[in-house]
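K.L.:
build me a model from this:
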Amino acid sequence: MTYAIEARGLTRTYGATHALDDVTVNIRENTITGLLGRNGAGKTTFMSLATAQDRPSSGEVLVHGEQPFEHDRVLEKLCFIRDNQRYPDDYKLIHALRAARIFYPNWSQELADELVGLFRIPKKTVVKKYSRGQLSALGIVLGLASRAPVTFFDEPYLGLDATARGYFYDVLLRDYQEVPRTIVLSTHLIDEMDRLLERVVILEQGRVVHDADVDELRSAAHSVAGPAGAVDDYVSGRTVLSTHRVGGLATKVIEGGVTAEDREAALAAGLELGPVTLQGLVSAYGVDRDESPASVVRGAAREERAGA
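P.N.:
Residues are numbered from 1 along each chain as shown. Predicted coordinates:
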């Protein structure tokens, strides 16, 4: 198996804060990977290190087996579209496209022209006067038309309406199929982008908590809902990721798939079992363990397994 990005013990600290903490993960070549997690989980830091816009405090990240920092041959393979992309004050659309055409060897002007028309990006207005949505649209044009072998999008849809986001998803899938490359998407619109993703890496507080194919991840947990006492009995000895209570009812997200025995037990107790969406799973892993009731169950489950 070929990897586009290999991170080994990757750590980035800012004073006492660990933005990334000993991250070891591989991003497969020619896949669309979702880099998911709450704000502050370390997603942007990871992308900044992988694209040589920052340097790690320790560990390393390789792109196609090589260090990217100050390495022109590697850097020209990379495109990083940030959510706060900056342009020179006097830049108009034509200037941004011209600079991208020079920098990216695989640049497709035909694709850029198509996207500019779809997003209705103004040509005479200076970029610094663009709206939030127009800036996002310009970033999408540059990221997709670059056809860079490794392309990062950090929250690329901010300010875009549903129609514009639909254009982005459709063109991304179509062009990815025509020109396969490695695409890494950081997003909070997880359910909306679900159909795009082949693999998912979930970060929480600077650490990788899940790295799996999407289909595998969907079966990594399930939910149970019903009377709180019966739910508590059902989850006894299991790893609970999150808990939600309303009156005498509770819903919990639990690690692991559903077995035939689980279904029988739930039916007998009057409980409802269900799947967990990617959005729900990311939210569950993002719960503050120190304050959530789930932390108590998680700790108890670990102690029980340790004593077994």
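K.L.:
can you give me the end-to-end span of stretch 183-192?
P.N.:
By CA to CA, to the nearest Å, the extent of stretch 183-192 from end to end equals 17 Å.
K.L.:
all numbers from here: first residue = 49
P.N.:
Done: numbering now begins at 49, and the last item shifts to stretch 231-240.
K.L.:
which residues are contacting that stretch?
P.N.:
53, 75, 79-84, 91-92, 95, 98, 198-205, 213, 217, 220, 224, 241, 244-245, 325-327, 330 (CB atoms under 8 Å, 6 or more residues apart in numbering). To be clear about C-beta, it is placed using only N, CA and C from the backbone, and glycine gets the same treatment.
K.L.:
and with 6 Å instead?
P.N.:
Stretch 231-240 has contacts (CB atoms under 6 Å, 6 or more residues apart in numbering) with 80-83, 91, 199-203, 241, 325-327, 330.
K.L.:
out of those residues, which one sits closest to residue 66?
P.N.:
Distance to residue 66, by CB to CB, is smallest for residue 91 among the contacts of stretch 231-240, at 14.1 Å.
K.L.:
count the neighbours of that closest one for me.
P.N.:
The local packing of residue 91 (other CB atoms under 10 Å) involves 27 other residues.
K.L.:
grab the nearest non-local neighbour of residue 140.
P.N.:
residue 174 (5.6 Å; CB to CB, 6 or more residues apart in numbering).
K.L.:
may I have the helix or strand that contains residue 312 as CSV, with CA atoms only?
P.N.:
Per DSSP states H and E: residue 312 is located in helix 308-317. The C-alpha trace of helix 308-317 is given here as CSV (Å, rounded to 0.1, in the frame of the first residue of the first chain):
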residue,chain,number,x,y,z
ALA,A,308,-27.6,-10.9,17.8
GLU,A,309,-27.5,-11.1,21.6
ASP,A,310,-27.5,-7.3,21.9
ARG,A,311,-30.7,-7.2,19.8
GLU,A,312,-32.4,-9.9,22.0
ALA,A,313,-31.4,-8.1,25.2
ALA,A,314,-32.6,-4.7,23.9
LEU,A,315,-35.9,-6.2,22.7
ALA,A,316,-36.5,-7.8,26.1
ALA,A,317,-35.7,-4.5,27.9
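K.L.:
can you give the strand pairings for the helix or strand that that helix is followed by, parallel or anti for each?
P.N.:
Toward the C-terminus, helix 308-317 is succeeded by strand 320-323 as the next helix or strand (DSSP H and E). Using DSSP bridges, the strands paired with strand 320-323 are strand 269-275 (antiparallel).
K.L.:
for the nearest residue in space to residue 267 that is not next to it in sequence, what are phi and psi?
P.N.:
Ranked by CB to CB, 6+ apart and with sequence neighbours excluded, the top spatial neighbour of residue 267 is residue 305, at 4.8 Å. Residue 305 adopts backbone torsions of phi -80, psi 180, taken as degrees, to the nearest 10.
K.L.:
residue ranges of the strands in the stretch 99-248 of the chain, please?
P.N.:
Listed in chain order, the strands of the stretch 99-248 of the chain (DSSP state E, counting those that start in this stretch) span 106-111, 126-129, 198-202, 230-234, 247-252.
K.L.:
residues making contact with the shortest one?
P.N.:
I take that to be strand 126-129. In contact with strand 126-129 (CB under 6 Å, 6+ apart) are residues 99, 187, 191, 194, 196, 198-201, 204.
K.L.:
turn the residues you listed into a markdown table, columns for pLDDT, distance to residue 144 and neighbour count.
P.N.:
What follows is the contacts of strand 126-129, written out as a markdown table (pLDDT from 0 to 100; distance: CB to CB, whole Å; neighbours: other CB atoms under 10 Å):
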| residue | pLDDT | distance to residue 144 | neighbour count |
| --- | --- | --- | --- |
| 99 | 95 | 18 | 23 |
| 187 | 97 | 10 | 23 |
| 191 | 97 | 12 | 26 |
| 194 | 98 | 12 | 23 |
| 196 | 97 | 16 | 25 |
| 198 | 97 | 20 | 22 |
| 199 | 98 | 16 | 25 |
| 200 | 97 | 18 | 27 |
| 201 | 97 | 16 | 25 |
| 204 | 91 | 15 | 24 |
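K.L.:
ok, which pair from the contacts of stretch 231-240 is furthest apart?
P.N.:
199 and 325 (25.5 Å).
K.L.:
buried residues in stretch 84-95?
P.N.:
Neighbour counts over stretch 84-95 (16 or more other CB atoms under 10 Å) mark 84-86, 89-95 as buried.
K.L.:
just the ones of the residues you listed in helices?
P.N.:
Within the buried residues of stretch 84-95, residues falling in helices by DSSP state H are 91-95.
K.L.:
tell me how many other residues crowd residue 280.
P.N.:
Counted with other CB under 10 Å, residue 280 comes out at 16.
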